[in-house]
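take a look and give me a structure for this.
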Amino acid sequence: MLDNKYVKIELINGVLEAEYKPIYIDIKVAKDVLVSRNQFTKNKALPMLLNGIGIKGIDKEARDYFSEPQGSEGLTATAILVKSRLDTFFANFLLKVNLYKSNLPIKVFNNYEDALKWLENYK
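Numbers count the residues shown, from 1 in each chain. Got it, this is the predicted structure:
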């Protein structure tokens, strides 16, 4: 398990399960999380379930970084878990606006089991 000041990541049944701590993501946080994740996985490509509930916000530079190929390095797919339909709407909007450069399969869910089922296709 990886547990630092930004994020907690566990490898469970071949899926990275990541939960951000309550934080605003800027470029420094984005880069630190990516380095930590890749060290934890030893650069093995895996699907990730991201619990986005702790994220307070993300600045443009960090969004741009995550949309570039290096931002999805070490991932085969990402499922983003949110709480409400409104969160789902905003998450999907941000994905369409900001992650257009990435070829990484990304989908937003408000159900944990549905997210894991979808990620099975990317193990």
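
which residues in the chain form helices?
Under the criterion DSSP state H, helices of the chain are mapped to 27-41, 60-67, 85-98, 112-119.

pLDDT on the last one, on average?
I take that to be helix 112-119. Mean pLDDT, helix 112-119: 97.

report all helices and strands that it contacts.
When contacts are defined as 3 or more Cβ pairs under 8 Å, 6 or more residues apart in numbering; DSSP states H and E, helix 112-119 packs onto strand 46-51, strand 75-81, strand 106-109. No exception for glycine: its C-beta is placed from N, CA and C like everyone else's.

can I get those strands in TSV with distance to Ile23?
TSV is the format used below for the helices and strands packed on helix 112-119 (distance: least, Cβ to Cβ, whole Å):
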stretch	distance to Ile23
strand 46-51	13
strand 75-81	16
strand 106-109	19
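
confidence-wise, which of those strands is weakest overall?
strand 106-109 (a mean of 88).

lowest-pLDDT helix or strand in this structure?
When the helices and strands of the chain are scored by mean pLDDT, DSSP states H and E, helix 85-98 comes last with a mean of 59.

show me what contacts the spatially most central residue of the chain?
Nearest to the geometric centre of the chain sits Leu50, at 4.4 Å (Cα atoms, centre = their mean). Shown here is Leu50, whose contacts under the criterion Cβ atoms under 8 Å, 6 or more residues apart in numbering are Ala18, Glu19, Tyr20, Thr78, Ala79, Ile80, Leu81.

one more pass at 6 Å, please.
Ala18, Thr78, Ile80 (Cβ atoms under 6 Å, 6 or more residues apart in numbering).

pick the one among those closest to Ile106.
Nearest to Ile106 among these: Thr78, at 4.8 Å, using Cβ to Cβ.
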